[in-house]
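Trainee: Fold the stuff below for me.
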Amino acid sequence: QVQLVESGGGSVQAGGSLRLSCAASGYADSSYCMGWFRQAPGKEREGVATIDSVGTTNYADSVKGRFTISKDNADNILYLQMNSLKPEDTGMYYCAARFSNLCVAFAGMGVWGKGTLVTISS
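Mentor: Residues are numbered from 1 along each chain as shown. Down below sits the predicted model:
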């Protein structure tokens, strides 16, 4: 059974940086589409970034130029480097995987982690 466990969340001031990690276990093949999503209080969950099996990335317009998604295939760890953080980046951040080597925008994720909380103060 595939499991995803996020870590790295916390509270920082606007302009600061955080790096989120997602440790994946339960499967040997790392050629999945993986992504980060977030949900702000009172809002729907939204896609932040995805990365496919060959490293092609996709970002939400709101984070382009500030966030970088990457993965360590050897250790099955997904990362999200977040720089120039803004109060509107506050929310629960979730790691997700799609059982395909290709990503289709932010759709079709079949496995989700429980999330890690990011709080940005102004």
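
Trainee: what's the helix or strand for the residue sitting nearest the centre point of the chain?
Mentor: The centroid of the chain falls nearest to W36 when counting by C-alpha atoms, centre = their mean (2.2 Å). Using DSSP states H and E, W36 falls within strand 33-39.

Trainee: show me what contacts the residue nearest to the centre of the chain?
Mentor: 20, 22, 47-50, 69, 78, 80, 93-96 (C-beta atoms under 8 Å, 6 or more residues apart in numbering). Every C-beta, even on glycine, is put in place using the N, C-alpha and C of the backbone.

Trainee: and the helix or strand just after the strand holding W36, what does it pack onto?
Mentor: Moving toward the C-terminus from strand 33-39, the first helix or strand encountered (DSSP H and E) is strand 46-51. Here strand 46-51 touches strand 33-39, strand 57-59, strand 67-72, strand 77-82, going by 3 or more C-beta pairs under 8 Å, 6 or more residues apart in numbering; DSSP states H and E.

Trainee: again, only using 7 Å
Mentor: strand 33-39, strand 57-59, strand 67-72 (3 or more C-beta pairs under 7 Å, 6 or more residues apart in numbering; DSSP states H and E).

Trainee: Quick check: which of these has the most neighbours on average?
Mentor: Across those, the average number of neighbours (mean count of other C-beta atoms under 10 Å) peaks for strand 33-39, which reaches a mean of 23.

Trainee: What mean pLDDT does it get?
Mentor: Predicted confidence along strand 33-39 averages 96 (mean pLDDT).
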